[in-house]
Each structure stands twice: as C-alpha cells, then as structure tokens.
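**Q** Here is the input, now give the coordinates:
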Amino acid sequence: MPGLDLDTPTMLPVLSRGKHRRPRKGACFMEFASYLAGERWSDHPRCTHPLLAAMARVVNDTISDGYRPRLATLIPLVVGLNDDDPHLDALIVRRAAVAGLPVVAAERQRVLAVAAIAAERVLAELDHRDPDDHTDITRVALAQAPDAAEWARSFSRGTSTTMRGFRRHAGPTAVRCSVIGIGQACVDDADTRLHALLERTVDDCHTWLAGQPISPRSPDPTRWEEACHLTGTSP
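**A** As a prediction, this is how the structure comes out:
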C-alpha cells in the first residue's frame, strides 16, 4: 500500500454518515477528499475515480460509527486518483466482488459472482487474453461460493459485456451490493473487512496508475492539517 504523502497529524478528520452542506455540519470521506483537492465542497469531487468514490461513500455510510474514524488516513490517497482508463472500473469491480463473495447472503453472492466474471471478461478483452482465463483472486473467491459461481457461469454464458453498460450499471451495482452485503453479513469483523476492501481497492488503483503516463497528485499539506479541525472535534 502506498504510504501517505503527508505526515499524519496528531488529529484526524472526524467522519460522519451522509451528505453535508458545510463542514460544521459534519463531513463524509469524499467531502474531505474534495477539500484536500481544493475543489468545491462535494461528495462527488472530480479528483477521484467515480466508482472508487462511490465505494468510499458507501463504506463511509455502512461502517460503524466507532470504527469510521480509522478510514481517515486513506483520504489523502484518493486525491488525484482518477483516469478514464476502463481498467480501473474493472479492477474496482473485481476487488469488490471477491471481497464480498465469501460472506454475503446467497442472493448477493449471485450478483457478485456475475460481476466478478464480467470484470474478468473486461480485463481480458482490454489485455487481449482468453475471457475464460480468470485471475487467481477471482478463482479463489468463486470457489468459496460454488453454487453462486455455477449459477453465474450459466447466466453469463452467451452474453456479452459492453463497457458502457459495465460502467453505468454493473459496476456501481456490484460495489454497492458488496459493501452493503459485507456490512449485513453474519461475521464479527465486518468493519475491518470494509476497511480492507477500500484500502486494497485504493492500492489496486495506485498500482495500475503507477505504470501509466499520469501520476496521482498529492493534496496540499496545509489543507490536510486544516481538514483535521473542520468539524471542531477530534476522534
């Protein structure tokens, strides 16, 4: 995982659920990211890939109040983490699907198994590989939900995945299904699983973009310090 570009301050921004009109009313993960990026206050800033931002919003709202402050150290890492490369959409969906498959309810497992297969197809097409040649993380995840995997393979057989449909519908649905499903799963570590999902997805995006011509930009260190005091409290 890439290290923070900024020194972690003694205080961290205090995160809360939902959308907020102004900092004194509270702030979610992506609202703080918009502030660090120097953008207009928004939970849909331009500085972060739309699907990654969608994941961050749902994780922020699903994770428990007591655990949420621990997400704050990830905020600087999403600033500037954006590109139109379709690989990013597929990598984000794949990570969401494989994280949720082992623990979510059966009906959600089917959705995520289809999403995992679709993400692999998109990546295979982009990389000129066999569409049925899945990566290890997808194979392992599908093996942990064999009934859903079998159903998804049957459902997906003979169908095609368009990039437009994947980005507009399949991707956001899979991300939301995974995050909410993990939050509602009968497990004792839902919070840590959600934290790990967001952290690993950020890492996937950084790793991919590290090999591309662009580089994610760093937020202003002064704004990071200011963000820690926007809500007037400490975690």
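**Q** mean confidence score for stretch 19-34?
**A** Mean pLDDT, computed over stretch 19-34, is 78.
**Q** Please apply the same query to stretch 206-220.
**A** Mean pLDDT, stretch 206-220: 70.
**Q** Then stretch 127-146?
**A** 92.
**Q** now what about it, what contacts it?
**A** With Cβ atoms under 8 Å, 6 or more residues apart in numbering as the test, stretch 127-146 has contacts from 94, 97-98, 101-102, 109, 112-113, 116-117, 119-121, 123-125, 148-149, 152. C-beta coordinates here come from the backbone N, C-alpha and C atoms, glycine included.
**Q** out of these, which are buried?
**A** Buried members of the contacts of stretch 127-146, counted by 16 or more other Cβ atoms under 10 Å: 94, 97-98, 101-102, 109, 112-113, 116-117, 119-121, 123-124, 148-149, 152.
**Q** D132 - how many residues pack around it?
**A** Per other Cβ atoms under 10 Å, the neighbour tally for D132 reads 10.
**Q** Give me the secondary structure label for it.
**A** Following DSSP: H, G, I helix; E, B strand; the rest coil, we place D132 in the coil state.
**Q** Can you give me the domain assignment for this structure?
**A** The chain breaks down into these domains under automatic domain parsing: 1-82+216-235, 86-184.
**Q** okay if I get those domains as CSV plus distance to D204?
**A** Shown next, in CSV, are the domains of the chain (distance: least, Cβ to Cβ, whole Å):
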stretch, distance to D204
domain 1-82+216-235, 9
domain 86-184, 5
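**Q** So which of the ones you listed is nearest T192?
**A** Across the domains of the chain, T192 has its closest neighbour in domain 1-82+216-235 (7.9 Å, Cβ to Cβ).
**Q** low-scoring stretches of this protein, by residue?
**A** 1-13, 18, 20-25, 211-221, 224-225, 227-235 (pLDDT under 70).
**Q** And for it, the residue most distant from the center?
**A** Most distant from the centre of the chain: G158, at 29.0 Å, with distances by Cα atoms, centre = their mean.
**Q** check contacts around it.
**A** Shown in contact with G158 (Cβ under 8 Å, 6+ apart): no residues.
**Q** repeat for the one 3 residues further on
**A** Residues counted as contacts of T161 (Cβ under 8 Å, 6+ apart) are A118, R121, V122, A170.
**Q** Report the two of these separated the most.
**A** Checking the contacts of T161 with Cβ to Cβ, the most distant pair is R121 and A170, at 10.7 Å.
**Q** Only the buried residues of whichever strand or helix holds A152, if you could.
**A** Take DSSP states H and E as the rule and A152 turns out to sit in helix 146-156. Using 16+ other Cβ under 10 Å as the test for burial, helix 146-156 gives A148, A149, W151, A152, S156.
**Q** how near is the first one to V187?
**A** From A148 across to V187, the span is 17 Å (Cβ to Cβ, to the nearest Å).
**Q** Could you verify my assumption that C28 touches N60?
**A** Yes. Applying Cβ atoms under 8 Å, one finds C28 in contact with N60, separated by 4.8 Å.
**Q** Common neighbours of these two, please.
**A** L15, R17.
**Q** And H87, how close does it get to T207?
**A** 11 Å.
**Q** Ignore what I typed, I meant G26.
**A** From G26 to T207 the distance is 32 Å (Cβ to Cβ).
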